[in-house]
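Q: the sequence isn't on hand, but the structure is:
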């Protein structure tokens, strides 16, 4: 079975839509970086009911306070760059009969707009639904006063340096203040497609097909549960310019400026499965590839180098 499922932000596009949306208002990027770090911390402590990538639900109150619209999300999608080689690779794969899926934490209007540019049909895209305009009409500005207070408090805090303060502040804000207000509906309804929800999304998209017959491509904390189950099933989990959360769970790494080397990997997969890919990589099949199963050393610095090169500040987020 020739199925490959790409994460969007990182593998297919260097942009980070949520980060850019928050950057539309003063101080928004700093708030996003703090909330993104909070996401890392909750994921690492394995908080019950929490999934990596739930950041995209947690930032919705801030987007509402600043009047962000669904149209702004789509405009950013039109301006977003594509990863070098993504369009050509997907076009060739489809021409060879591959089914190309996109499983992403990003908001649905953004994901579908980028997917259209890559000719990936909407039915093969799993992403996070967000009725932002509906929420904006439902909540008056005065109901968002607690959000304003949290925003001011977060403005001086920095990830890692202020981890304890960020966690204490946001624990109180989300799970005491907002949970006791009408805004709690945002926490209940917005369910980002990250972590184990990516695994569920892949299952829905491929039906009864074994995960051992699937290739997945990702790069970040939202991808590691999918990497783990696909790898354990005998499938191929490809880390593209990955961070420290995704790389340990990957079967194969690709660090570089483009997706072009992935075509050789997928042809080797088609001909010889996982062992075929291993042989291709270990024979020096293409630059930037490294087999990871059974290896103690992971070339994290190399991945981080290209991650920063392609994604700039967004590449430093979890």
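A: Arrived safely. Values in this document were obtained by computation on a predicted structure and should not be read as measured data.

Q: CA only for contacts and neighbour counts going forward, please
A: Fine.

Q: what pLDDT does residue 140 get?
A: Listed pLDDT for residue 140 reads 84.

Q: ok, now residue 211?
A: 97.

Q: and stretch 197-216, which residues are buried?
A: 197-199, 201-202, 205-206, 211-216 (16 or more other CA atoms under 10 Å).

Q: now, the residues you listed that are in strands?
A: 214, 215, 216 (DSSP state E).

Q: wait, residue 118 touches residue 90, no?
A: Yes. Taking CA atoms under 8 Å as the definition, residue 118 is a contact partner of residue 90 at 7.1 Å.

Q: which non-adjacent residue is nearest residue 259?
A: residue 85 (5.0 Å; CA to CA, 6 or more residues apart in numbering).

Q: check the gap between the one you found and residue 260 for me.
A: Separation of residue 85 from residue 260 (CA to CA, to the nearest Å) stands at 5 Å.

Q: now do residue 142
A: Look at residue 142 and residue 260: by CA to CA, they are 51 Å apart.

Q: who has more neighbours out of the two?
A: Just comparing residue 142 and residue 260: by other CA atoms under 10 Å the higher neighbour count belongs to residue 260, 18 against 10.

Q: contacts only, for the more buried one.
A: Going by CA atoms under 8 Å, 6 or more residues apart in numbering, residue 260 touches 84, 85, 86, 89.

Q: low-confidence stretches in this protein?
A: Scanning the chain for pLDDT under 70 picks out the ranges 1, 315, 318.

Q: show me where the stretch 101-250 of the chain has its strands.
A: Assigned by DSSP state E, counting those that start in this stretch, the strands in the stretch 101-250 of the chain fall at 125-128, 214-218, 236-240.

Q: and those, which is most packed in?
A: Highest mean neighbour count of the strands of the stretch 101-250 of the chain: strand 236-240, a mean of 30 (counted as mean count of other CA atoms under 10 Å).

Q: mind listing what the helix or strand following it pairs with, with the direction of each?
A: For strand 236-240, the following helix or strand on the C-terminal side (DSSP states H and E) is strand 252-254. Paired strands of strand 252-254, with direction, are strand 236-240 (parallel), strand 289-291 (antiparallel) (DSSP bridges).

Q: what does the longest one contact?
A: Strand 236-240 is contacted by residues 10-11, 212, 214-219, 227-228, 230-231, 246-247, 249-256, 274, 303 when judged by CA under 8 Å, 6+ apart.

Q: how about the closest residue to residue 220 other than its chain neighbours, what does it touch?
A: Spatial nearest neighbour of residue 220, chain neighbours left out: residue 246 (5.0 Å); criterion: CA to CA, 6+ apart. Neighbour list for residue 246: 218, 219, 220, 221, 223, 224, 227, 239 [criterion: CA under 8 Å, 6+ apart].
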